[in-house]
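In: got a sequence here, can you model it:
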Amino acid sequence: MRRFLIPASVLALALATPALASEPVTKAQVLDAIRTFDANASGGVADATPAKDANDAVARASNTILRFSLESDDVVVDLGADSVPWCDVKKGVGDLSNSGARGLLLAAYLSGCVKAQLDAGKQNPNPYAGWVAMLRIYHAIKIREGVTIPEIDALMARQADGTLEAYAAEAVQRSTQNLRKAYGTPARQVETASAQP
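Out: Numbering: from 1, shown residues only. Presented below is the predicted three-dimensional model:
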């Protein structure tokens, strides 16, 4: 079962996008969108592309990644406060400082989570791969634009001291506990002798 705690602004963007009425996003399409996002969001390949074209490419790729994250049963993305501390899940990113950068970093996080799960061929709500992808983009934005987001700087410090992966495992546990408090423990199916073939 997929679980999402979606910031209101992200959900509103997804619901307001006419593309959601189209066919579901395929794995090939989302992987292509992730390559486009990675190439243009960090300023690498985008340096040779006019800024407007790069921004448009990032926006289209972000939309595709978001749609896949919401629609696909192949991935589970945790958008809880423990996994996405730079976004207020109740308010979204619109009212926060550096809201544009925070939204871009959310897309980078989704990109990393989706790619890691598709590469592994299994669902995994662990935010580590998403954080690594997001931190790569954050580093570029911080250098290029001087953006500072304290919640992400804390994750960057954990990456530097080698504790980020362990912290990600703890974040999954905290998120799971919070979901169980809010929604209860999932019912377990008990297999009996009569249920076996």
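In: poorly predicted segments of the protein, please.
Out: 1-21, 43-51, 89-90, 93-94, 187-197 (pLDDT under 70).
In: which helix or which strand is home to the residue positioned nearest the centre of the chain?
Out: In the chain, the centroid-proximal residue (C-alpha atoms, centre = their mean) is residue 110; its distance is 2.2 Å. Element membership for residue 110, per DSSP states H and E: helix 99-120.
In: next, the buried residues of whichever helix or strand comes after that helix.
Out: As assigned by DSSP H and E, the chain's next helix or strand after helix 99-120 is helix 128-145. Residues of helix 128-145 classed as buried: 128-135, 137-138, 140-142 (neighbour count, 16 or more other C-beta atoms under 10 Å). To be clear about C-beta, it is placed using only N, CA and C from the backbone, and glycine gets the same treatment.
In: contact partners for the residue lying closest to residue 116 once chain neighbours are set aside?
Out: Using C-beta to C-beta, 6 or more residues apart in numbering and skipping the chain neighbours, the partner closest in space to residue 116 is residue 129 (3.3 Å). By C-beta atoms under 8 Å, 6 or more residues apart in numbering, the contact set of residue 129 is 112, 113, 115, 116, 117.
In: and the first one, how far from residue 91?
Out: Noted for residue 112: a distance of 23 Å to residue 91, by C-beta to C-beta, to the nearest Å.
In: now swap in the second one and tell me
Out: Distance of residue 113 to residue 91, computed by C-beta to C-beta: 22 Å.
In: what's the angle from the helix or strand containing residue 66 to helix 128-145?
Out: Using DSSP H and E, residue 66 sits in helix 51-71. Helix 51-71 and helix 128-145 meet at an angle of 160 degrees, taking axes from the mean of the first three to the mean of the last three C-alpha atoms, to 10 degrees as the criterion.
In: helices and strands around the helix holding residue 110, which ones?
Out: Packing contacts for helix 99-120, counted by 3 or more C-beta pairs under 8 Å, 6 or more residues apart in numbering; DSSP states H and E, involve helix 8-16, helix 27-41, helix 51-71, helix 128-145.
In: in TSV, list the ones you listed along with distance to residue 122.
Out: Formatted as TSV, the helices and strands packed on helix 99-120 follow (distance: least, C-beta to C-beta, whole Å):
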stretch	distance to residue 122
helix 8-16	24
helix 27-41	13
helix 51-71	16
helix 128-145	13
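In: so how far is the helix holding residue 110 from its chain's centroid?
Out: Centre-to-centre, helix 99-120 and its host chain are 4 Å apart (C-alpha atoms, centre = their mean, to the nearest Å).
In: quick one: buried residues of it?
Out: 101-118.
In: relative to helix 27-41, how tilted is that helix?
Out: 140 degrees.
In: mind saving the C-alpha coords of helix 99-120 as PDB?
Out: The C-alpha trace of helix 99-120 is given here as PDB (Å, rounded to 0.1, in the frame of the first residue of the first chain):
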ATOM      1  CA  SER A  99       9.900  28.700  -1.700                       C
ATOM      2  CA  GLY A 100      11.000  28.200  -5.300                       C
ATOM      3  CA  ALA A 101      14.200  26.500  -4.200                       C
ATOM      4  CA  ARG A 102      12.300  24.400  -1.700                       C
ATOM      5  CA  GLY A 103       9.900  23.300  -4.400                       C
ATOM      6  CA  LEU A 104      12.700  22.400  -6.800                       C
ATOM      7  CA  LEU A 105      14.400  20.500  -4.000                       C
ATOM      8  CA  LEU A 106      11.200  18.600  -3.300                       C
ATOM      9  CA  ALA A 107      11.200  17.600  -7.000                       C
ATOM     10  CA  ALA A 108      14.800  16.500  -6.700                       C
ATOM     11  CA  TYR A 109      13.900  14.400  -3.600                       C
ATOM     12  CA  LEU A 110      11.100  12.700  -5.500                       C
ATOM     13  CA  SER A 111      13.400  12.100  -8.500                       C
ATOM     14  CA  GLY A 112      16.000  10.400  -6.300                       C
ATOM     15  CA  CYS A 113      13.400   8.200  -4.500                       C
ATOM     16  CA  VAL A 114      11.700   7.100  -7.700                       C
ATOM     17  CA  LYS A 115      14.900   6.300  -9.500                       C
ATOM     18  CA  ALA A 116      16.300   4.300  -6.700                       C
ATOM     19  CA  GLN A 117      13.200   2.200  -6.300                       C
ATOM     20  CA  LEU A 118      12.900   1.600 -10.100                       C
ATOM     21  CA  ASP A 119      16.500   0.600 -10.300                       C
ATOM     22  CA  ALA A 120      16.100  -1.800  -7.300                       C
END
